[in-house]
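K.L.:
test case, fold it:
(one chain, ligands or ions: 2)
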Amino acid sequence: MKNFVFYNHTKILFGKDQIAAIAGEIPADSRILLIYGGGSIKNNGVYDQVIDAISEFEYFEFEGIEPNPSYEKCMEALDVIDENEIDFLLAVGGGSVIDATKFIAAAAFFEGEYPWEILSHSEEVVEAMPIGTVLTLPATGSEMNGNSVISRLEYKVKLAFSSPEVMPLFSVLDPQVVESLPKRQIENGVVDAFVHVIEQYLTYPVDGKVQDRMAEGIMLTLIEEGSKVVADPTNYNAASNYMWSATMALNYLIGSGVPQDWSTHNIGHEITALHGVDHARTLAIVLPGTMKIMKDSKKDKIIQYAERVWGISGKSDDEIVDAAIKKTVDFFESMGVKTRLRDYNIPVTIADEIAERMEQRGDVNIGENKLVGTDEIRKILEGRY
Ligand code: NZQ
Ligand code: ZN
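P.N.:
Ligands and ions are numbered 1, 2, ... in the order given. Next up, the predicted model:
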């Protein structure tokens, strides 16, 4: 196992009707900016619960954060913060609203001239406004990590930053929010969380037994519970298991002390930036190609994955790898998530464009062994077409 520093200081309030408890988590006398998306929280009762909970505070609202949140929209919030002397941000929504809130929190305290540099030049976030969240879509893990992904529409780019400064102070996880989710968003959430686990697991063995077994446990839970939640979002126990799986998939726990490979995410973000495809669906397109093209360096872990997650054994190594890729594809497709570029009417020529864009940005030689260069990016995208 590698050396590591593990931190996570987000307090989780999990379970039915926990939104009511947030007042006790927000510092007294805070001036709150409530940040949310396109209005789903007004249709499912979450907005009313939040307003009831913070009624004793001075609060303001900032709505309209888009899926795949934009830099442009986030920057508008800075004026609202200045005008109203806001000192606490409350994100109510899915990964997009939480990510946007993190960027706003960092930009509000940014000392340089252009907050964009937090994303474009990985400018360090020294301090950020405190954040709390009420999660409404289990998927990204953003509610319990310090990551944020923001798109700049003007440049058609989608970039990430990460800082302990933007980790939420608290997050409410009430599985009842799953009831109002469109089926497509649940399918996305299960696949996104699954790929988060994979990217911290399908690398090379370092004898990280706790990390491996936790990762396998999360994957098995998502496989077992995912279809149940899609079939019946009112199944509270299935929704609870799905929600906690998604949080545990990307809160730094299973990734500590083990190699990680975020190449599928990096390539996927390009597909969203260019074609607007849902985040999780881009991962379903890219991951099978990553497993296939990088199979030599990932072989030992793919075989472990095949045996422990899918019960595949008794074949040659190559057959096991192929069977594991097929099981993964079948799982995504069974969740209603298509896995080929052509399913999204995207020409395979996008492979060249993405490889070039990533090369220009210096976003190549990625993956656990830095082996994913422009050729590999091209092959990964062309791999299964
Ligand atoms: O905007 P509203 O009206 O709230 O509607 C949203 C949105 O249209 C809707 N929704 C959310 N909760 C709902 C609901 N509708 C009904 N009932 C509810 N309870 O769902 C739609 C999608 O929401 P969004 O927040 O965009 O989805 P998700 O949580 O999948 O977030 C995706 C974003 O997170 C980034 C992705 O790149 C993408 O931009 N990621 C963030 C990560 C992180 N911070 O660690 C890691 C991930 O890998 C990912 O990259
Ligand atoms: Zn993701």
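
K.L.:
distance of the residue nearest the centre of the chain from residue 86?
P.N.:
In the chain, the centroid-proximal residue (CA atoms, centre = their mean) is residue 140; its distance is 2.7 Å. According to CB to CB, to the nearest Å, residue 140 and residue 86 sit 24 Å apart. All C-beta spots, glycine's among them, are computed from the backbone N, C-alpha and C.

K.L.:
now do the contacts for the residue nearest to the centre of the chain.
P.N.:
Each residue near residue 140 by CB atoms under 8 Å, 6 or more residues apart in numbering is listed here: 94, 95, 98, 99, 192, 246, 250, 279.

K.L.:
and ligand 1, which of those residues contact it?
P.N.:
When contact is defined as CB under 6 Å from any ligand atom, the contacts of residue 140 meet ligand 1 at 94, 95, 99, 192, 250, 279.

K.L.:
is it true that the first one touches residue 37?
P.N.:
By that I understand residue 94. Yes: shown here, residue 94 and residue 37 form a contact pair, counting by CB atoms under 8 Å, at 7.1 Å.

K.L.:
anything in contact with each of those two?
P.N.:
Joint contacts of residue 94 and residue 37 (CB under 8 Å, 6+ apart) are residue 67.

K.L.:
spell out which parts of this structure neighbour ligand 1.
P.N.:
37-41, 44, 67-68, 93-97, 99, 136-137, 139-142, 145, 147-149, 177, 180-182, 185, 188, 192, 250, 265, 279.

K.L.:
give me the PyMOL select line for those residues, limited to the buried ones.
P.N.:
Buried residues within those, by 16 or more other CB atoms under 10 Å, are selected in PyMOL with:
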select buried, resi 37+40+41+44+67+68+93+94+95+96+97+99+136+137+139+140+141+142+145+147+148+149+177+180+181+185+188+192+250+265+279
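
K.L.:
can you tell me the closest non-neighbouring residue to residue 356?
P.N.:
residue 374 (7.5 Å; CB to CB, 6 or more residues apart in numbering).

K.L.:
quick one: residues contacting the one you found.
P.N.:
Residues in contact with residue 374 (CB under 8 Å, 6+ apart) are 355, 356, 358, 359, 364.

K.L.:
per-residue confidence for the second one?
P.N.:
Right, the one you point to is residue 356. What the model reports for residue 356 is a pLDDT of 97.

K.L.:
alpha carbons of the helix or strand where it lies, as PDB, please.
P.N.:
Assessed by DSSP states H and E, residue 356 sits inside helix 350-360. Extracted C-alpha coordinates of helix 350-360, given in PDB (Å, rounded to 0.1, in the frame of the first residue of the first chain):
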ATOM      1  CA  ILE A 350     -14.300  12.700 -32.500                       C
ATOM      2  CA  ALA A 351     -11.500  10.500 -31.300                       C
ATOM      3  CA  ASP A 352      -9.000  12.600 -33.200                       C
ATOM      4  CA  GLU A 353     -10.400  15.900 -32.000                       C
ATOM      5  CA  ILE A 354     -10.400  14.800 -28.400                       C
ATOM      6  CA  ALA A 355      -6.900  13.400 -28.500                       C
ATOM      7  CA  GLU A 356      -5.700  16.800 -30.000                       C
ATOM      8  CA  ARG A 357      -7.600  18.900 -27.500                       C
ATOM      9  CA  MET A 358      -6.200  16.900 -24.600                       C
ATOM     10  CA  GLU A 359      -2.700  17.000 -26.000                       C
ATOM     11  CA  GLN A 360      -2.900  20.800 -26.500                       C
END
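
K.L.:
same for whichever strand or helix holds residue 42, what does it pack against?
P.N.:
Take DSSP H and E as the rule and residue 42 turns out to sit in helix 40-43. Here helix 40-43 touches helix 46-53, strand 88-93, going by 3 or more CB pairs under 8 Å, 6 or more residues apart in numbering; DSSP states H and E.

K.L.:
Serialize these to a markdown table and add fields for distance to residue 288 and mean pLDDT.
P.N.:
What follows is the helices and strands packed on helix 40-43, written out as a markdown table (distance: least, CB to CB, whole Å; pLDDT from 0 to 100):
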| stretch | distance to residue 288 | mean pLDDT |
| --- | --- | --- |
| helix 46-53 | 35 | 98 |
| strand 88-93 | 30 | 98 |
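
K.L.:
so for residue 290, which of those sits nearest?
P.N.:
Residue 290 sits nearest to strand 88-93 of all the helices and strands packed on helix 40-43, at 29.4 Å, using CB to CB.

K.L.:
what angle sits between that closest one and helix 46-53?
P.N.:
Relative orientation of strand 88-93 versus helix 46-53 (axes from the mean of the first three to the mean of the last three CA atoms, to 10 degrees): 150 degrees.

K.L.:
pairing partners for strand 88-93, with directions?
P.N.:
Here strand 88-93 has these sheet partners by DSSP bridges: strand 31-36 (parallel), strand 131-135 (parallel).

K.L.:
looking at those strands, which is nearest to residue 121?
P.N.:
Per CB to CB, nearest to residue 121 of the strands paired with strand 88-93: strand 131-135, 22.8 Å.

K.L.:
not counting the helix holding residue 42 itself, show me its contacts.
P.N.:
46, 47, 50, 92, 93, 136, 180.

K.L.:
same thing but at 10 Å, please
P.N.:
Residues outside helix 40-43 that contact it (CB atoms under 10 Å, 6 or more residues apart in numbering): 34, 36, 46-50, 63, 92-94, 97, 134, 136-137, 177, 180-182, 185.

K.L.:
could you do stretch 235-243 as well?
P.N.:
Applying CB under 10 Å, 6+ apart, the contact partners of stretch 235-243 are 14-16, 135, 137-139, 143, 173-179, 181, 186, 189-190, 193, 218, 221-222, 224-233.
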